[in-house]
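Novice: coords please:
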Amino acid sequence: MKLDDLLELVSYDDLKSRLEVVRRFPAHYEDEHDAMLAEVVRQIRPYLRNVIGVTIAKGGQGKTTLSANLTGMLAAEQEKLSKQGKKALPILHLELDIQGDGVAYDFGLARSKYNDKGAGLASAVTSDAPLRVIQTDRQYLHVVPAGTHNDRITDALGALVAAHGRAAHLLLALLLAQISHLYRWIVVDFSPGDRSLQQLGLAATTHLTAPLMDSDNASVGGLASLAVLAKSTRKTNPELGVAAMCFLGFRKVQGQPTSDLTIVWQKLRIALERHNVSPDVILKDYVREGRVLAKEARNSGMLAHEFASAAAGKWIDPLTGEIAERPRDENGRLIETRRAIELANDHAAMARAVISRVRARNQQLKETSA
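Specialist: As a prediction, the model looks like this:
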């Protein structure tokens, strides 16, 4: 059996035209067009409150690791609910990144024939094509892959913005609003490196989550600037806000943070207050240092909790239906079970903390719009 035998490509064909909405707007708005835009935004926002955006201010801060494992943990929770006889819905992971293919490796989809490197997403966003989604071998985890073809979004969006103004930034939001009821959560992974893709992600997302792995002032300042960025998109997304700022790769001693992290927390707190943002968005739950384990997990196409199960000798290989061999590092040594489990537990705690913040924000939004 091959991996692709366990996957299924689902196509959402009966979607209303997104371009038809955008083409109602001229390039230069008058007051009446601002009112038109506000009305479109008002109608779609309630359908997007389950959309969580994972983004960064600069590269190498753990965006891919955070988004993939957050999605995986949420999907595992839905599977648990299903086994308890409770209602469960899948989790959708969607990546907006020209350079992005890391998530495909995390999910073990890099070599799948269904991995189109963003071609399908580009067509769905800019050409009203059907949206194609990979239903993975994890029952409640669905993926829209990214890659080099996402640059087609950038090219097409530039022309649409020139003709129809900022309304073009709503294309992804209009798409996700039509399928959001099919998913418990939608996680959108997008990089700030490309302005067009960034604007699409910001307009579609309700809750921003951002990771940080470095302690230098530039990284901290960049993370704080995301809160300002959220405020700059009010016309296309008045509900956008930072739900959580997360930390990965910092040491733990007897389960407690060291001064490396507590100093970063203090720096970020000061930076946020300078931008009139509550420091409550800083999560105290964080993922300890584990770059080697993360690398081996990615090479194995496993998420943190799956890799921990494999290290403990309990992972059932989906291809064979048998217990898989315990993973080894590049030197041939068995992965230490305790460390793999600790890392997985950190990701689980962080996922719970993020969702707790997201639910609190959703309650506030619901009360405000009532």
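Novice: now do the SS call for the closest residue to A271 other than its chain neighbours.
Specialist: Leaving out its chain neighbours, the residue that sits closest to A271 by CB to CB, 6 or more residues apart in numbering is A224, at 3.6 Å. All C-beta atoms are positioned from the backbone trio N, CA, C, and that covers glycine. Three-state assignment for A224 (DSSP: H, G, I helix; E, B strand; the rest coil): helix.
Novice: quick one: C246 is in a helix?
Specialist: No - using three-state DSSP, the assignment for C246 is strand, not a helix.
Novice: what helix or strand is the closest residue to it other than its chain neighbours on?
Specialist: Nearest non-adjacent residue to C246, counting by CB to CB, 6+ apart: P211, 4.8 Å away. Taking DSSP states H and E as the criterion, P211 maps to strand 207-212.
Novice: counting neighbours, what do you get for the spatially closest residue to A129 that is not a sequence neighbour?
Specialist: Nearest non-adjacent residue to A129, counting by CB to CB, 6+ apart: S123, 3.7 Å away. Neighbourhood size, S123 [other CB atoms under 10 Å]: 19.
Novice: same deal with the one 5 residues further on?
Specialist: D128 is flanked by 16 other residues according to other CB under 10 Å.
Novice: and for S232?
Specialist: 12.
Novice: which residues touch it?
Specialist: Contact analysis of S232 by CB atoms under 8 Å, 6 or more residues apart in numbering lists nothing.
Novice: try the one 5 residues further on
Specialist: N237 is in contact with V41, R45, A173, L202, A203, A204, T205, T206, counting by CB under 8 Å, 6+ apart.
Novice: could you redo the last one with a cut-off of 7 Å?
Specialist: Going by CB atoms under 7 Å, 6 or more residues apart in numbering, N237 touches V41, L202, A203.
Novice: want to try CSV for the residues you listed, with secondary structure, neighbour count and pLDDT as columns?
Specialist: Putting the contacts of N237 into CSV (DSSP: H, G, I helix; E, B strand; the rest coil; neighbours: other CB atoms under 10 Å; pLDDT from 0 to 100) gives the following:
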residue, secondary structure, neighbour count, pLDDT
V41, helix, 20, 97
L202, helix, 25, 93
A203, helix, 25, 96
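Novice: which of these lies at the shortest distance from L261?
Specialist: Nearest to L261 out of the contacts of N237 is L202 (CB to CB; 27.9 Å).
Novice: over to the closest residue in space to the closest one that isn't next to it in sequence. Which of the three states is it?
Specialist: Take L202 and drop its neighbours on the chain: the residue closest to it by CB to CB, 6+ apart is T233, 4.7 Å away. On the three-state scheme (three-state DSSP), T233 is labelled coil.
Novice: buried set for stretch 107-118?
Specialist: Buried residues in stretch 107-118, counted by 16 or more other CB atoms under 10 Å: F107, G108, L109, A110, S112, Y114, N115, D116, K117, G118.
Novice: which of the residues you listed lies closest to S369?
Specialist: Using CB to CB, these come closest to S369 at G118, 33.6 Å.
Novice: contacts only, for that closest one.
Specialist: P145, A146, G147, T148, H149, N150.
Novice: if you set the cut-off to 10 Å instead, what comes out?
Specialist: 95-98, 100-101, 125, 144-153 (CB atoms under 10 Å, 6 or more residues apart in numbering).
Novice: for A308, same thing?
Specialist: With CB under 10 Å, 6+ apart, A308 has these contacts: 293, 297, 302, 314-315, 335, 337-345, 347-348.
Novice: then M1?
Specialist: Here M1 is in contact with P318, L319, T320, G321 (CB under 10 Å, 6+ apart).
Novice: what's around H181, how many residues?
Specialist: 9.
Novice: do the one 4 residues further on as well
Specialist: For W185, the number of neighbouring residues by other CB under 10 Å comes to 23.
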